[in-house]
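>>> Sequence and predicted structure below; questions after.
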Amino acid sequence: MGCFDIFCMLSGVSSSGGPGGFFEVENEYSERDKRKVASRLATKLSDAGNPELPPEQELVAILEQALTDLGDWDTGIYIDHDCRWCQEVVVVGTVRDHTSHQDVTGVRICRWGDSYGGFDEMLGGDGEWISELTQVYENRAVFMDRRARYYLQSWLVVPHAAVDAQSGTSREFWEVFFDKVKPRLPLRPTADHWYTSTHPDLDMGLMSTTWGQFQDHTINKSSVELVTVPTLEQAISQGLRGDGLRSALLEDFHMWMFEGPDSWPTRAESVGPPLFNKFVSEHSSSRGILPLPLEVVLEILVYTSLSDTLNFTSTCKYLRRLTYDETFAMILRRMISDGSLCWLRPCSLVSGELENAQPILASWVHDLGDGEDPFRTSDFPFPAFVYTCFVKSASMKSRRRIYDVVKQLEAQWGEQPKQV
């Protein structure tokens, strides 16, 4: 069967910790692939019709050099290389127990992933780690890394008595969860999914283009077809070349997907006046909600996405003013407290996350009292904080992506699975 990577169902990161590089450039075949990627990116840039960009053939040469200059993870600006993701995982479903040589169905807490789709140690009933290989194969089981599983339990809101978001490592939670996802899993690995142990109905965006036999590199012929390149277009039109295009490539290829989702931005990293109009869609309608009292409208907005809220407030001058006064800050406060931006709060189930986030969040306010929640203070700059998290923070973009996957699962909880 050979070696292969398996991937966390929620984060999409492999059990070995994710890719080892941006682009493989070690042999003639990968050099040829690099030229194909550069050529495809050049075509996309040329199709944009920007008169400030060089001719397409010149763009190919510029992009080939930029891809070569990317280097390794060690010099990456987004990569968290301490393997926090794979220290401890939960495996749910049917796995191969190599001690008994039997297929076993159930819930296991495991750690230390290997190159054969398995984990070397399992948490025993007495709370001690024991050496026992747990093999995940044929997509009959799913695994979630240590943080992702706690995020799922904190953010998943479903009408089932057995699902308790505060239950920590509750086996009941995972048994119910597996009952829900099992009918959607393919019975055999396919060319598209390999041994991914991922949910085939979830939209994982560019993350899915990194899945293969191994999750070695992130820029490839598959990802270049899905990627859009607005940052790269702007950088090249400004005259940046070679290593100067590094940040643009990292952003447009969503390298933040592999960033640990637990590093909040400080106030010093604030990107200036929040320009929320960039999240407003050109096609939005809210006529059905206009007759409602303002108090009711504000209550509804708390539980809608930020982009939907901004779309709504863009429908008239009166509502547009909400994004420029204290009312919008109040909406964002509620969104973070118990609404659609709750993912911006530290997760109490993740060990150390509250303690690590507290001093960073405290940097956004003045004279914070001991033990006081920064989000509950009167002078917390909610618009600036939220805008920075959405626009600048690679870690918060990663965190938001995981939250979006949880919401996809939540929406599918009561649906009938597709036939596979």
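Sure thing, it's come through.
>>> in this structure, what secondary structure element scores lowest on mean pLDDT?
helix 317-320 (a mean of 68; mean pLDDT, DSSP states H and E).
>>> Give me the buried positions along the very next helix or strand once past that one.
Moving toward the C-terminus from helix 317-320, the next helix or strand (DSSP states H and E) is helix 326-338. For helix 326-338, the neighbour count (16 or more other C-beta atoms under 10 Å) marks 328-329, 331-336 as buried. C-beta here means a position set from N, CA and C on the backbone, and glycine is covered the same way.
>>> Distance to Ser398 and pLDDT added to those, as CSV?
Output for the buried residues of helix 326-338, formatted as CSV (distance: C-beta to C-beta, whole Å; pLDDT from 0 to 100):
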residue, distance to Ser398, pLDDT
Phe328, 25, 84
Ala329, 25, 87
Ile331, 24, 88
Leu332, 20, 91
Arg333, 23, 92
Arg334, 24, 91
Met335, 19, 92
Ile336, 18, 95
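>>> can you name the two of those that are farthest apart?
Using C-beta to C-beta, those span at most 12.7 Å, a distance reached by Phe328 and Ile336.
>>> Next, the contact list for Val271, please.
Neighbour list for Val271: 387-388, 391-392 [criterion: C-beta atoms under 8 Å, 6 or more residues apart in numbering].
>>> Determine how far stretch 121-133 lies from the middle of the whole chain.
Mean-position distance between stretch 121-133 and its chain equals 30 Å (C-alpha atoms, centre = their mean, to the nearest Å).
>>> which residues are in contact with it?
Residues from elsewhere that reach stretch 121-133 (C-beta under 8 Å, 6+ apart): 97-99, 108-112, 114, 118-120, 134.
>>> at 7 Å what do you get?
Stretch 121-133 has contacts (C-beta atoms under 7 Å, 6 or more residues apart in numbering) with 98-99, 108-112, 118, 120, 134.
>>> Could you export those to CSV, including columns for secondary structure, distance to Phe4 and neighbour count?
Listed next are these as CSV, based on DSSP: H, G, I helix; E, B strand; the rest coil; distance: C-beta to C-beta, whole Å; neighbours: other C-beta atoms under 10 Å:
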residue, secondary structure, distance to Phe4, neighbour count
His98, coil, 16, 12
Thr99, coil, 22, 12
Arg108, strand, 20, 22
Ile109, strand, 22, 21
Cys110, strand, 17, 24
Arg111, strand, 19, 17
Trp112, strand, 17, 17
Gly118, strand, 10, 20
Asp120, strand, 16, 14
Thr134, strand, 15, 25
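>>> Between those, which sits nearest Lys36?
Distances from Lys36 to the contacts of stretch 121-133, taken by C-beta to C-beta, are shortest for Gly118, at 34.4 Å.
>>> what's the spacing between that closest one and Ile6?
Using C-beta to C-beta, to the nearest Å, Gly118 is found at 8 Å from Ile6.
>>> Repeat that for Pro51.
Distance, Pro51 to Ile6, by C-beta to C-beta: 47 Å.
>>> ditto for Trp343
Noted for Trp343: a distance of 25 Å to Ile6, by C-beta to C-beta.
>>> okay, these two: which has more neighbours?
Between Trp343 and Ile6, Ile6 has the larger neighbour count (other C-beta atoms under 10 Å), namely 30 against 21.
>>> What does the pLDDT read for that one?
pLDDT for Ile6: 75.
>>> do Tyr303 as well
You'll see Tyr303 listed with a pLDDT of 76.
>>> What residues does it make contact with?
Applying C-beta under 7 Å, 6+ apart, the residues near Tyr303 are 339-340.
>>> shaky segments in the stretch 251-400 of the chain?
Applying pLDDT under 70 to the stretch 251-400 of the chain flags the ranges 272-294, 312-316, 318-325.
>>> can you give me the helices for it?
Using DSSP state H, counting those that start in this stretch, the helices of the stretch 251-400 of the chain run over residues 294-302, 306-313, 317-320, 326-338, 353-362, 382-391, 394-412.
>>> Kindly reformat those as JSON lines containing distance to Leu202.
As requested, the helices of the stretch 251-400 of the chain are arranged in JSON lines below (distance: least, C-beta to C-beta, whole Å):
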{"stretch": "helix 294-302", "distance to Leu202": "26"}
{"stretch": "helix 306-313", "distance to Leu202": "20"}
{"stretch": "helix 317-320", "distance to Leu202": "34"}
{"stretch": "helix 326-338", "distance to Leu202": "24"}
{"stretch": "helix 353-362", "distance to Leu202": "24"}
{"stretch": "helix 382-391", "distance to Leu202": "22"}
{"stretch": "helix 394-412", "distance to Leu202": "5"}
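>>> Quick one, which of those gets closest to Ala66.
Of all the helices of the stretch 251-400 of the chain, helix 394-412 comes closest under C-beta to C-beta, at 19.3 Å.
>>> any chance you could map the strands in the stretch 1-150 of the chain?
For the stretch 1-150 of the chain, strands defined by DSSP state E, counting those that start in this stretch occupy the ranges 89-97, 102-113, 118-123, 129-135, 141-145.
>>> how about the CA coordinates for whichever strand or helix holds Ser154, as CSV?
In the assignment (DSSP H and E), Ser154 maps to helix 146-155. C-alpha atoms of helix 146-155 as CSV (Å, rounded to 0.1, in the frame of the first residue of the first chain):
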residue,chain,number,x,y,z
ARG,A,146,-5.9,18.6,18.9
ARG,A,147,-7.1,22.2,18.4
ALA,A,148,-9.5,21.6,15.6
ARG,A,149,-11.5,19.1,17.6
TYR,A,150,-12.0,21.6,20.4
TYR,A,151,-13.0,24.3,18.0
LEU,A,152,-15.6,21.9,16.5
GLN,A,153,-17.0,21.2,19.9
SER,A,154,-17.1,24.9,20.8
TRP,A,155,-18.5,26.3,17.6
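>>> Name the residues of the helix or strand just after it that are buried.
Elements were assigned by DSSP H and E; along the chain past helix 146-155, the next helix or strand is helix 171-181. Neighbour-count burial for helix 171-181 flags 173-174, 176-178, 180-181 (criterion: 16+ other C-beta under 10 Å).
>>> Quick check: Ser340 vs Glu233, distance?
31 Å.
>>> Could you do Arg35 as well?
From Arg35 to Glu233 the distance is 20 Å (C-beta to C-beta).
>>> Those two: who's more crowded?
Glu233 (19 against 15).
>>> Now do the contacts for that one.
Going by C-beta under 7 Å, 6+ apart, Glu233 touches 45, 48, 50, 53.
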